[in-house]
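1. next comes the sequence, and after it the predicted model I'd like to discuss.
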Amino acid sequence: MIKNLSLKKCFPLLGILGGMLTANAQCNAVTSFSENFDAYSCCTMGVVPTCWDSVLLGGASQIISSTAPASGTSQIYQNGYGAGKISIVVMPPVSNINAGTHRLRVKMRANSAGYLEFGYIKDALPETFVVLQGITITNTSYSDSAAERIFTVPTTVPDGMRLAIRNPGTSFAGHYWDDAVWEPIPTLGTVETTISSGVKVYPNPFTTVLHISDTKDVKTAIITDAVGRVVKTVEKPATTVEVNDLQKGVYFVTLYFKNGTEKSFKTIKN
């Protein structure tokens, strides 16, 4: 029997019987979403946006918090430390979770060294959660360049799953996240990518190095693998970035500019 389960669904919860969750599942799957949580206020336990879910076990906490959000007035807060203290925030159903065309972009911080997990879940049932990537959080401010995280989802994820972020209760930290966006992965050319600012990144495919034609306005370059794990972060990158240590495969390179904008593109290492 699932205990201490708190849900906030788009329609009223009908029942939890013998460990089985039954609900009026009338929220249609969408192809994209953008949520800054500003329509919700602190501090009732388990509150999440319409068509999202909140699962709370063992006395874990999940609320809407107004403490220094990334934008607007509100954000998600997850807390709880110890065996069985688990909170899971489940995102709305999307019809293209395994299409390989979209990514999750979200800003995260913690008030001390924190750890969350990005993954997927079926029907908001906690035992079905599958981890795609562990998220170590060391930044305490959203203004830190490490605050924005980008996650891609493998095409092997089964149909009908939903994106979710879990606090497994392994850190004392209070975890905050805001501005969650499920968006198309930028489409780029196969030979060379031209960033709108005029900066060029090449070659594509690459082998041992990537070249950035002009780095004077680039603050940080972050390379993630096909499932969203950060594999290389380069602060104030030079025009040549060594990538010989990367395995063959698909990568996403995101350039963060000094004016606060960013550009991401897909690359292949041979």
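-> Ah, there it is. Residues are numbered from 1 along each chain as shown.
2. now the helices for the stretch 1-150 of the chain?
-> Counting by DSSP state H, counting those that start in this stretch, the stretch 1-150 of the chain forms no helices at all.
3. what residues go with each domain of the protein?
-> 33-184, 201-269 (the TED database).
4. I'd like the mean pLDDT over the first one, please.
-> Looking at domain 33-184 alone, the average pLDDT works out to 94.
5. any idea how far apart the tips of it sit?
-> By CA to CA, to the nearest Å, the extent of domain 33-184 from end to end equals 10 Å.
6. residue contacts, residue 81?
-> Contact analysis of residue 81 by CB atoms under 8 Å, 6 or more residues apart in numbering lists 169, 170, 171, 172. C-beta coordinates here come from the backbone N, C-alpha and C atoms, glycine included.
7. now swap in residue 78 and tell me
-> When contacts are counted by CB under 8 Å, 6+ apart, residue 78 touches 60, 61, 62, 87, 89, 116, 165, 167, 174, 175, 177.
8. contacting residues for the closest residue to it other than its chain neighbours?
-> Leaving aside its sequence neighbours, residue 78 sits nearest to residue 167 (CB to CB, 6 or more residues apart in numbering; 4.1 Å). By CB under 8 Å, 6+ apart, the contact list for residue 167 reads 60, 62, 78, 79, 80, 86, 87, 88, 115, 116, 117, 175.
9. who wins for neighbours among these?
-> Most neighbours among those, by other CB atoms under 10 Å: residue 87, with 30 neighbours.
10. for residue 148, give its distance to residue 105.
-> For residue 148, the distance to residue 105 (CB to CB, to the nearest Å) stands at 7 Å.
11. ditto for residue 261
-> Look at residue 261 and residue 105: by CB to CB, they are 13 Å apart.
12. more neighbours: which of the two?
-> Legend: neighbour count by other CB under 10 Å for residue 261 and residue 105, higher for residue 105 (18 against 12).
13. surely the more buried one meets residue 184?
-> No: applying CB atoms under 8 Å, one finds residue 105 not in contact with residue 184, separated by 10.8 Å.
14. partners of whatever helix or strand residue 151 lives in in the sheet?
-> For residue 151, the host element (DSSP states H and E) is strand 148-152. Strand pairing for strand 148-152, determined by DSSP bridges: strand 102-110 (antiparallel).
15. buried sites along stretch 212-219?
-> Going by neighbour count (16 or more other CB atoms under 10 Å), the buried part of stretch 212-219 is 212, 215, 218, 219.
16. grab the nearest non-local neighbour of residue 206.
-> Counting by CB to CB, 6+ apart, the residue nearest residue 206 is residue 269, at 5.8 Å.
17. oh, I was asking about residue 132
-> Here the residue nearest residue 132, using CB to CB, 6+ apart, is residue 119, at 4.7 Å.
18. and what of residue 100?
-> Per CB to CB, 6+ apart, closest to residue 100 is residue 155, 4.7 Å.
19. helix/strand/coil for that neighbour?
-> At residue 155 the chain is in coil, as set by DSSP: H, G, I helix; E, B strand; the rest coil.
20. and it, backbone torsions?
-> Dihedral pair for residue 155: phi -70, psi -10, per degrees, to the nearest 10.
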